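Trainee: sequence unavailable; structure follows:
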């Protein structure tokens, strides 16, 4: 990667010097920046997507960011993979150490009980007490890497290693909306009722997707997320405020 020069300046480096291009069918290819889930790699993915969104080249249809690569869809009647790869490869990026989140959402969570039916099981599997599991989960600042699986479902990393567990052996047929869950080194929030195989630690009454919103999801890639433990009465009051449309999600203590 590019080196930091004297005076604190950062050397820019072409994308083709730090990424490789992989074919994906005959109308798409991937720009791969690494082989692991890493905040710095993910930052490069989203910086590249932002550059292409700001000045899209001829024939570009859309880009789809993932943890470590950017999928590029193009119109073969207007361009070619080779031409587009040359264009993208010549773009320059600064080094990334994992950009600090521009905003950090504070998400109220009622842990345990009916809201988090797997909390005791997670505690037993990790050798921690239930309060220790809650403290570890809520004490982490998470990064929104990507969104997928369901509209508004964000993959949040990086979960503390002490809570690293595989998915449940038997997935649930129905997971309630707002369920806060973990699996491997990720946490997530189910935005709607759906099947799911992650471990459920708690529940939040907030909404994370609405097709009438602009944009339609609460989170965006690169955002930060912090979980805030609440008691049952505050959880219920927040649910009522959300239903009335009067609740404003906080970002580090400031209304969003």
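Mentor: That came in fine, so what should we check first? Keep in mind it's a predicted model, so treat the numbers as computed, not measured.

Trainee: can you list the buried residues in stretch 204-213?
Mentor: Using 16 or more other CB atoms under 10 Å as the test for burial, stretch 204-213 gives 204-209. C-beta: built from backbone N, CA, C; applies to glycine.

Trainee: again with stretch 156-166
Mentor: In stretch 156-166, residues buried by neighbour count (16+ other CB under 10 Å) are 156-159, 163, 165.

Trainee: kindly report the same for stretch 148-155.
Mentor: So stretch 148-155, judged by 16+ other CB under 10 Å, has buried residues 150, 152-155.

Trainee: repeat for stretch 30-48
Mentor: 30-34, 37-39, 41-48.

Trainee: which stretches of the protein have low pLDDT?
Mentor: 1-10, 96-99, 253-256 (pLDDT under 70).

Trainee: okay, domains of it per the record?
Mentor: What automatic domain parsing lists as the domains of the chain is 6-93, 104-255.

Trainee: ok so, going back, closest to residue 85 out of the buried residues of stretch 30-48?
Mentor: residue 31 (8.2 Å; CB to CB).

Trainee: now do the contacts for the closest one.
Mentor: 15, 19-21, 45, 48, 69-70, 72, 88 (CB atoms under 8 Å, 6 or more residues apart in numbering).

Trainee: you'd agree it is in a strand?
Mentor: Yes - Residue 31: assigned to a strand according to DSSP: H, G, I helix; E, B strand; the rest coil.

Trainee: phi, psi of the residue nearest the centre of the chain?
Mentor: For the chain, residue 144 is the residue whose C-alpha lies nearest the centre (CA atoms, centre = their mean; 2.5 Å). With angles defined as degrees, to the nearest 10, residue 144 sits at phi -80, psi 110.

Trainee: strands paired with the longest strand seen in the chain, and their directions?
Mentor: If you go by DSSP state E, the chain has its longest strand at strand 104-111. In the sheet, strand 104-111 lines up against strand 199-203 (antiparallel), strand 224-229 (parallel), strand 250-251 (antiparallel) (DSSP bridges).

Trainee: buried sites along the first one?
Mentor: Counting neighbours by 16+ other CB under 10 Å, one finds that the buried residues in strand 199-203 are 199-203.

Trainee: in JSON lines, list the residues you listed along with distance to residue 119.
Mentor: Supplementary listing: the buried residues of strand 199-203 in JSON lines, determined by distance: CB to CB, whole Å:
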{"residue": "199", "distance to residue 119": "8"}
{"residue": "200", "distance to residue 119": "8"}
{"residue": "201", "distance to residue 119": "5"}
{"residue": "202", "distance to residue 119": "7"}
{"residue": "203", "distance to residue 119": "11"}
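
Trainee: give me the nearest residue to residue 175, chain neighbours excluded.
Mentor: Counting by CB to CB, 6 or more residues apart in numbering, residue 175 lies nearest to residue 196, which is 3.9 Å off, once chain neighbours are set aside.

Trainee: ok, that neighbour to residue 21 distance?
Mentor: 34 Å (CB to CB, to the nearest Å).
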